[in-house]
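*Asks:* All I have is the shape, not the residue letters:
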DNA sequence: CTGAAAGCGCTAACAC
DNA sequence: GTGTTAGCGCTTTCAG
């Protein structure tokens, strides 16, 4: 039960038809070495006549390059990662690279498995939004076998890969400052970074630290401290659950059920924001009257909401694009010191933050 | 500048270490043929000791199978395709397949190029949401070279691939009936299926018919006719532009500027809906008071909108999952007649349809 | 500029 | 059950 018909035309067929050796045909078709103008034309003609298509597998086996990039994100359904991935495929394709995709669901094991499989397929490089900020052994191993890796959106302690990140601490800090300036004193933080088993339905993950979360939390705390709000209470307003809407819903509910619930919430991505919004409504409160909201990511529906959502707009496309450029440069021989790109996000004020007297 | 270190451990190394032939080592490691219990253990031990990892390229060259599926969608950033893709990767991975991704932007040329590249890489099969409903030559060619193809979401005339589709005509018809029942007489239709050049910023595509659009339009027209609304005017309320929000915005505007604008609009996906909503607001009208709206796809933000959006919920995940199961079955030797799966969507009534006296 | 020959890492016959 | 041998389709020395 062969998948490929035995009749697939090879370089040998083309060579025969053109009356040259396979080596020459290969040079003509592969665009390397040197061939005389007319032989090149003869070979090219024969190739297109026969409908020759190169076998990338055979080529890769020798060159050691597959022109393929492995991408690992938490979940392609999250608009943030969808956009990062879109950027990656755009830039990759423009340089002749293909993209293989894997979702980790914030699960380190899944990430490890994906890395292994990608490596077996000999991807030239990996772009990963790491599920853990302190376990990068599998990535280091990947590097050791010859694959280049670039970290996108999230750092990993103890590694020295190229990174393309956003100034998360500053972004969170500025958002909280904005809330403080509007008169808020009890400010919640809802995030999602626990691994999730999809089939289970329910969140079945263990808490797992990711750098984005850590940095944002630091920024949040810093702004609170600046404002003299870092009392014992502060910790009570931090909620970290799974990355899905339902998870954020639950976390937010637990915040709203507090005796003195927060008057404002910072959500760490648009999916989380959705959960927050639904929880606020389910609790019979209103945005922004009862609860103000700022969310990371300028999602497509942010301005269509009522009230329109105040957000921290991250340069998401650029994140993916820069990571890919970096990676491709490495693949082309750039051996300089690790590069660390930091992009800046912007607070886009809309209508979800109320001023409190 | 080799990408791979020359020191990569091969099956020969493992064989030597285990004191067996490469063939036996390969059998043990590849899980085919037969090996005695203890030799298997010896080989496995040697392999893990040396850190052996199979070279999928070499294996694929012989077996003719890469355990890879090529996926071509219009745009991974569209939540519909993101979910389809998520489903595909989930099912694929569970069966040991990898997924390579390409975006066509509804551009047939881009789709053709992607198919070529995927074929060169010897993907086992293709799952595609075709950019054109009447040009499937490139897909037929793919099939001819040995790759199986499954069509998802969209049919292609003149081909007999397996398909997994939604009952689009019925869905659109039911939506329009719902609008008619609510008293609407002037019902608009906004869709997007023209190819788009991303870099250009502006829509630079030519109109291109896709089956989804055709079927929905048929359903729309059918319901209009049933209701005796299929006069000359009917055609005036149909607008087809590019697949992006801005495109839908423009199309909707042209609808709203009419002397007798529609009192209701059917949007063919969530991105289009967003453009419609923004246009309605920009025109100073309100949903649902001035313009009612029904959109295809139960997007994540639909119920969070004000008013919550009435939608046609498509079984998006299932669409991708079924397509993948079908494909994998083919790869495993299923040679039955082409299969055509039709899934049903549901109208989810929320608050964006007003009853007109 | 072109050809002959070797070989990438693995699997598939075919012996034994 | 295991080893030997050939060879997948291509690139890469190395001669000429």
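*Replies:* Here it is on my side, so go on. Here the structure is a predicted model, which is why all the values come from computation and not from measurement.

*Asks:* Need the three-state assignment for residue A:330.
*Replies:* Following DSSP: H, G, I helix; E, B strand; the rest coil, residue A:330 is assigned to helix.

*Asks:* Isn't it up against residue A:148?
*Replies:* Yes - counting by CB atoms under 8 Å, residue A:148 is a contact partner of residue A:330 at 4.3 Å. (Glycine included, C-beta is placed from N, CA and C.)

*Asks:* Overlap of the contact sets of these two?
*Replies:* residue A:125 (CB atoms under 8 Å, 6 or more residues apart in numbering or on different chains).

*Asks:* and stretch A:248-263 with chain B, contact?
*Replies:* No - contact of stretch A:248-263 with chain B (CB under 8 Å from any CB of the partner chain) is absent, the minimum separation being 11.5 Å.

*Asks:* can you give me the end-to-end distance of that stretch?
*Replies:* From its first residue to its last, stretch A:248-263 covers 17 Å (CA to CA, to the nearest Å).

*Asks:* just how off-centre is that stretch within its chain?
*Replies:* Computed by CA atoms, centre = their mean, to the nearest Å, the separation of stretch A:248-263 from the middle of its chain amounts to 29 Å.

*Asks:* Can you give the contact residues for that stretch?
*Replies:* With contacts defined as CB under 8 Å, 6+ apart, stretch A:248-263 is touched by A:184-188, A:190, A:192, A:233, A:236-237, A:239-241, A:265, A:267, A:271-276, A:278-280, A:282-283, A:285, A:290-292, A:356.

*Asks:* right, and the helix or strand after the lowest-mean-pLDDT helix or strand in chain A?
*Replies:* Of all helical and strand segments in chain A, the minimum by mean pLDDT, DSSP states H and E falls on helix A:211-226, at a mean of 90. As assigned by DSSP states H and E, the chain's next helix or strand after helix A:211-226 is strand A:238-241.

*Asks:* ok, back up a step: and the least confident helix or strand of chain A, what other elements does it pack with?
*Replies:* helix A:168-181, strand A:187-192, strand A:238-241 (3 or more CB pairs under 8 Å, 6 or more residues apart in numbering or on different chains; DSSP states H and E).

*Asks:* what comes into contact with it?
*Replies:* Residues contacting helix A:211-226 (CB under 8 Å, 6+ apart): A:130, A:133, A:153-157, A:165, A:168-177, A:180, A:187, A:189, A:191, A:193, A:230, A:234, A:238, A:240, A:266, A:268, A:296.

*Asks:* Just the buried residues of those residues.
*Replies:* A:130, A:133, A:153-156, A:165, A:168-177, A:180, A:187, A:189, A:191, A:193, A:234, A:238, A:240, A:266, A:268, A:296 (16 or more other CB atoms under 10 Å in any protein chain shown).

*Asks:* doesn't residue A:42 fall inside a helix?
*Replies:* Yes - with three-state DSSP as the criterion, residue A:42 is part of a helix.

*Asks:* how near is it to residue A:19?
*Replies:* 7 Å (CB to CB, to the nearest Å).

*Asks:* Between those two, point out the one with more neighbours.
*Replies:* Neighbours around residue A:42 and residue A:19, counted as other CB atoms under 10 Å in any protein chain shown, are more numerous at residue A:42. The numbers are 20 against 12.

*Asks:* low pLDDT regions in the stretch 201-350 of chain A?
*Replies:* Within the stretch 201-350 of chain A, the set of residues satisfying pLDDT under 70 comprises A:201-208, A:231-235.

*Asks:* and it, which residues reach chain B?
*Replies:* Residues of the stretch 201-350 of chain A found near chain B (CB under 8 Å from any CB) are A:245, A:271, A:274, A:277-278, A:299-301, A:303-306, A:331, A:333.

*Asks:* what about the nearest residue to residue A:59 once chain neighbours are set aside, distance to residue B:157?
*Replies:* Using CB to CB, 6 or more residues apart in numbering or on different chains and skipping the chain neighbours, the partner closest in space to residue A:59 is residue A:30 (7.4 Å). Per CB to CB, residue A:30 is found 37 Å from residue B:157.

*Asks:* now do residue A:325
*Replies:* Distance of residue A:325 to residue B:157, given as CB to CB: 40 Å.

*Asks:* Next: residue A:322.
*Replies:* In terms of CB to CB, residue A:322 sits 42 Å off from residue B:157.

*Asks:* Can you get me a residue count around the residue of the stretch 201-350 of chain A found nearest DNA strand C?
*Replies:* Proximity of the stretch 201-350 of chain A to DNA strand C (CB to the nearest atom of the strand) peaks at residue A:331, 19.1 Å away. Other residues within reach of residue A:331, judged by other CB under 10 Å, total 19.

*Asks:* which residues sit in contact with the nearest residue to it once chain neighbours are set aside?
*Replies:* In space, residue A:331 comes closest to residue A:124 once its chain neighbours are excluded; the distance is 5.3 Å by CB to CB, 6+ apart. Neighbouring residues of residue A:124 by CB under 8 Å, 6+ apart: A:65, A:66, A:67, A:68, A:69, A:97, A:147, A:148, A:331, B:3.
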